[in-house]
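Visitor: dropping a prediction and its sequence here:
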Amino acid sequence: MNNDTLIPLVGVVTDVRQDTPDVKTFRVNALEGGKVFEHKPGQCAMLSIPGVGEAMFSITSSPTNKEYMEFSIKKCGCLTNWLHAMDVGQQITIRGPYGNYFPVETELKGKDLLFIAGGIGLAPLRSVINYVRDNRANYGEVQIVYGSRSKDDLVDYQEIIDEWMADPNIQVNLTIDNPQEGWDGHVGFVPNYVKELAPSTNKTVLVCGPPIMIKFTLAGLKELGFTETQVYTTMELRMKCGVGKCGRCNIGNKYVCKDGPVFRFDELDALPDEY
Amino acid sequence: MFRISAEKLNDLFDRIASKQTLYIPVDREDKAAEYKKYESGMTLSSALNTVRSAKDFFFPQTENLAEFRLSGKTIEVKDIRSEHEDFVIFGVRACDARSFGILDSVFLSEPVDTFYKNRRDHGTIVTMACTRPEETCFCTTFGINPTMPGGDVSVFPDGTGYSFLANTEKGKEFMAEISDMLEEGNPAQLAKVQENTRNILKRLPLANLKTDSFGGERLMKHFSSEKWAELSESCIGCGTCTFVCPTCQCYDIRDFDTGNGIKRFRCWDSCMYSDFTKMAHGNSRNSQLERFRQRFMHKLVYHPSNHEGEFGCVGCGRCLSKCPISMNIVKVMKALEDK
C-alpha cells in the first residue's frame, strides 16, 4: 500500500536552544542523520508527541541548510508545553512538508526585499531570510525590521547579531515595545517604526507577526504608497490533516494548509475576513 | 435488463453473502432503517432511506490511523493498515450514491487518502431506485434522478420484483455471479413504475428549489449576506446535521492511550462545534453565526468553487427531518437565493 500522508515519520531532537523566556528552537534530524525531508522556504510540518497532540509549525531553518531542520516554538498550549520539556535525544513524529511557500524562485527573484516581523512571527521569515542570504546574488537590497515586546523576547537574537547585522549586504532594524535597561536601540511598535523608516516603495514586503501587528503594518505600508500586490504574509489557523481535507483551516474556499500558508494581500482581500 | 421476483430476493442475498460481506438496510424495532451486515433471514427494509447515511462504509465515524509505542525517548510508528476485504452495499438510494462522488472529490484528490480509497476499491455499490420519494426529498435540485440511481449496479423495484442493470465493470462482475438467478425483465411494467415516480417527484413541495443563485462566483455576496444572523439565531450547535449528512466529511485526529501503546484515531468532526477551529491564540469562528455560515457556505459555495461546480449537497433530506430547531439547507437556500 502506498504511503499515507497521515502516517508520520520519526525524527530526533538533536539540539535545544532557549531563545526567549517562552520560545525554544529545536533542531530535528532523521534517525539515520540528515533531514527527515526537504522543504521550501515558508512551508510547514506537523509535529507530534503521540498521546499528547499534533500541530502545524513553520520550518524556521532554510532549505539551504542541508544538515537539519529547525522549529522555533512558543510555549502556549498542551503540546507546546510538552515540547518545551524535551531534551536532546527525544524522538518526535513529523510529517510534511505542507503548504505553498514564498515565491523565492519566481516573483521575489531580483526584487528588493523588506522583511517585517513581530515576536515569534520571525520564525517562518527566518527560513526565507537565510535562503536569500545563501542565494544573495538573486536578490536586490535586503532590509529586516524586527520587533518584540522586549530585548529578551527577540527570537534568534544571537544569529541576528552575529550573522545578519554583521552582513554588510543586509540592513537590520530592531525595535522593542518599551524602554529597557541595556537596550540603546529603537523603542516603539513595529508598524510605527516601519513608517518612521519610510522604506522605498520599490520593495517587496514579507510580513509576519501577531494579527494586530500585521493589520497596522499593512495600513502603514499603504500610507507609504505600497500596494497589496507587493506584500506577502503567512497565515496560521487550526489544522489536523495538513492536506485540505479535515475541513477547518479554510478562509473562504482556500485552505491555509494547502493553498497557503503564504498569501499575497490582494489574494487575502478577495476572501472573507475570517481569520 | 434482468429481473428477480420479490419472493426470491432473500435467496439472492444468501448467494451474494456466501461470496462476500453484504450490507442491506433493515428496519429496527422503532421502524427506523439502518444498514446491517446481512444474515440469512433478514428482511430488506421498506423505508425510503436509512437514518444514517451510507458514508460510514467508506468514511467510518471512527477509524484507527496508526499506532505508536513510546519507550523512554524513542517512538515507534506502526502502520496498521491492511487490505480491506470485498463487500457489497445493497439498496443505496440515488442521493447517497451521488454522495460517494462528492466524498471522492475530497478524499481521492491528491494526496489520496489511502484509508478511504482502500474501502472504496473493495466496495460494490448496488443502488435502489426510489418509488415513493417523500416531502423532505429534493435530490432533483442537484440533478439527481432517483429513478436511475447509479452506483455499480442499479436495481429497480416494480412492485412484484426487482430489475437489475450493471453500470460499471465492477457491476458487470457482480451480475455475472448472480446471472443464473435472474430471469428476463419486464420493461413495460418498469416503465409504468418510473412514470409514477416521476409524477410524485413533480408534486413534491421542494420540487422547484433551484441552485442557480449558488456556486463559487457568489462567494463574497453570500458570505456578506445579512441573512445569516436571523438564519443562525436558533441554531444550538448540536451538529446533528453534520452527522446525518452523507457529504459532511470534516474530521478530527485524536490519540488515545490504551495503557499499552497509543492509538491514533480519525473521527467525524463538526464545523458546528466551537472547538473545531479553536487554537491557543484564539478562534477564527468564534460565534455560532460564523460556524453556521461555514457549513452552508461550504456546501453551496466553497465546495463548488473548488470542485468544478459540484455542490456539496445531495438533497437526501436527512437534515430536514432531524434538526431539532427545524433549520436546514432548504431554508438557507430560499433565504439567500436571488429574488
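Guide: In hand now; what should we look at? Numbers count the residues shown, from 1 in each chain, chains lettered A, B, ... in the order given.

Visitor: for the one residue in the stretch 101-250 of chain A that gets nearest to chain B, which non-adjacent residue is spatially closest?
Guide: Residue nearest to chain B within the stretch 101-250 of chain A (C-beta to the nearest C-beta): A:Gly247, separated by 3.2 Å. Where C-beta positions appear, they are placed from N, C-alpha and C, glycine not excepted. Spatial nearest neighbour of A:Gly247, chain neighbours left out: B:Cys250 (3.2 Å); criterion: C-beta to C-beta, 6 or more residues apart in numbering or on different chains.

Visitor: who are the packing partners of the helix or strand where B:Phe13 lies?
Guide: B:Phe13 is part of helix B:9-19, with elements assigned from DSSP states H and E. When contacts are defined as 3 or more C-beta pairs under 8 Å, 6 or more residues apart in numbering or on different chains; DSSP states H and E, helix B:9-19 packs onto strand B:21-27, strand B:87-92, helix B:169-178.

Visitor: swap in 6 Å and give it another go.
Guide: Helices and strands touching helix B:9-19, as assessed by 3 or more C-beta pairs under 6 Å, 6 or more residues apart in numbering or on different chains; DSSP states H and E, are absent.

Visitor: center of chain B, which residue is that?
Guide: Taking C-alpha atoms, centre = their mean as the criterion, B:Pro246 is the residue nearest the geometric centre of chain B, at 2.8 Å.

Visitor: contacting residues for that one?
Guide: B:53, B:55, B:96, B:99, B:316 (C-beta atoms under 6 Å, 6 or more residues apart in numbering or on different chains).

Visitor: number of nearby residues for B:Arg285?
Guide: Other residues near B:Arg285 come to 24 when the count uses other C-beta atoms under 10 Å in any protein chain shown.

Visitor: same question for A:Gln143.
Guide: When neighbours are counted by other C-beta under 10 Å, A:Gln143 comes out with 18.

Visitor: ok, then the element right after the longest helix anywhere in chain B?
Guide: When chain B is parsed with DSSP state H, its longest helix is helix B:187-203. Using DSSP H and E, the helix or strand that follows helix B:187-203 towards the C-terminus is helix B:219-223.

Visitor: give me the buried positions along that following helix.
Guide: Buried residues in helix B:219-223, defined by neighbour count with 16 or more other C-beta atoms under 10 Å in any protein chain shown: B:219, B:222-223.

Visitor: format those as CSV; extra columns: distance to chain A.
Guide: What follows is these, written out as CSV (distance: C-beta to the nearest C-beta, whole Å):
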residue, distance to chain A
B:Leu219, 6
B:His222, 10
B:Phe223, 5
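
Visitor: quick one: the helices in the stretch 51-200 of chain B, in order.
Guide: B:94-107, B:114-122, B:169-178, B:187-203 (DSSP state H, counting those that start in this stretch).

Visitor: deepest-packed of the ones you listed, please.
Guide: Ranked by mean neighbour count, those are led by helix B:94-107 with a mean of 23 (mean count of other C-beta atoms under 10 Å in any protein chain shown).

Visitor: which residues does whatever residue of chain B ends up closest to chain A contact?
Guide: Chain B approaches chain A most closely through B:Cys250 (3.2 Å), counting by C-beta to the nearest C-beta. B:Cys250 is in contact with A:247, B:269, B:271, counting by C-beta under 6 Å, 6+ apart.

Visitor: sorry, back to before: would you format the helices of the stretch 51-200 of chain B as CSV with distance to chain A and mean pLDDT included?
Guide: Below are these laid out as CSV (distance: least, C-beta to the nearest C-beta, whole Å; pLDDT from 0 to 100):
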stretch, distance to chain A, mean pLDDT
helix B:94-107, 6, 98
helix B:114-122, 4, 97
helix B:169-178, 20, 95
helix B:187-203, 32, 92
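
Visitor: could you dump those helices to TSV with distance to A:Asn135?
Guide: Listed next are the helices of the stretch 51-200 of chain B as TSV, based on distance: least, C-beta to C-beta, whole Å:
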stretch	distance to A:Asn135
helix B:94-107	37
helix B:114-122	37
helix B:169-178	52
helix B:187-203	63
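
Visitor: got a list of contacts for the helix holding B:Phe13?
Guide: B:4, B:22, B:38, B:40, B:88, B:178, B:181.

Visitor: 10 Å instead, please
Guide: B:4, B:22-24, B:37-44, B:86, B:88, B:90, B:124, B:126, B:155, B:157, B:161-162, B:164, B:174, B:177-178, B:180-182 (C-beta atoms under 10 Å, 6 or more residues apart in numbering or on different chains).

Visitor: repeat for stretch B:22-38
Guide: Taking C-beta under 10 Å, 6+ apart as the rule, stretch B:22-38 contacts B:9-10, B:12-17, B:21, B:39, B:42-54, B:56-57, B:87-93, B:123-124, B:126, B:128.
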